[in-house]
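Asker: Predicted coordinates and the sequence they were generated for:
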Amino acid sequence: MARMVPYRHLADDAATIIGSTVYATMTTVDKLGRPRSRVLIAVWELDRENPVGWLATHKTPVKTAHLARNPHVSTSYWTPRQNVVTIDSVTAWVNDAETADHVWNLYRSGSPFGNGYDPGQYWTGPSDPKFHVLRLDPWRIQVLTARELADGLPYRQARLEEPLIAQT
């Protein structure tokens, strides 16, 4: 059973774990409800009242089809020290130049600290037609630290307002 807490009570631990882990597993589901996971690096703005994540990515056929049918994803971070963050989000492709610049800079500076990379390794710049941005709006964030695990405590969970999904 989860311990329900306000988001601000787990934001710092989430940022520390994500910043030290960097790579996450993101899971989508196909049209038959079967999960599909991939390893990636998402950047997060966790220091906001309403946190938001961003994924710089290629629009692969599988990912695009899965998200078109069901925009919900689960992104999970785990450290060998047994610290875990899971962020369940609703996704949306974002195509404007201002957001692309913003996300490009978040990746370059690291968000949270320790997380990110130079996207110039994969794209020529934020206006590269192959550079795509996926917005991640969390509706649930769960954190469990090694200390809590050792003490037999359940994970802390914050529920945020779930974004409305545009019907197509």
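Answerer: That came through, no problem.
Asker: Touching, residue 69 and residue 32? I think so.
Answerer: No. With contact taken as CB atoms under 8 Å, residue 69 and residue 32 are classed as non-touching, separated by 9.9 Å. Where you see a C-beta, it was placed from the backbone N, CA and C, and this is true even at glycine.
Asker: quick one: residue 37 is in a helix?
Answerer: No. In this structure, residue 37 is strand, not part of a helix, as judged by DSSP: H, G, I helix; E, B strand; the rest coil.
Asker: list the contacts for it?
Answerer: For residue 37, the contacting residues are 25, 26, 27, by CB atoms under 8 Å, 6 or more residues apart in numbering.
Asker: how much space between the last one and residue 73?
Answerer: Counting by CB to CB, to the nearest Å, the separation of residue 27 from residue 73 is 6 Å.
Asker: Out of the two, name the residue with the larger neighbour count.
Answerer: The neighbour comparison of residue 27 against residue 73 (other CB atoms under 10 Å) goes to residue 73, with 23 against 16.
Asker: Only C-alpha atoms, please: export the helix or strand harbouring the more buried one in CSV.
Answerer: Element membership of residue 73 [criterion: DSSP states H and E] is strand 72-78. Output of strand 72-78 as CSV, limited to C-alpha atoms (Å, rounded to 0.1, in the frame of the first residue of the first chain):
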residue,chain,number,x,y,z
HIS,A,72,-0.2,6.7,-21.3
VAL,A,73,3.4,5.7,-20.5
SER,A,74,5.3,4.5,-17.4
THR,A,75,8.8,5.6,-16.9
SER,A,76,10.9,3.8,-14.3
TYR,A,77,14.3,4.6,-12.7
TRP,A,78,16.2,2.1,-10.5
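Asker: Much appreciated, bye for now.
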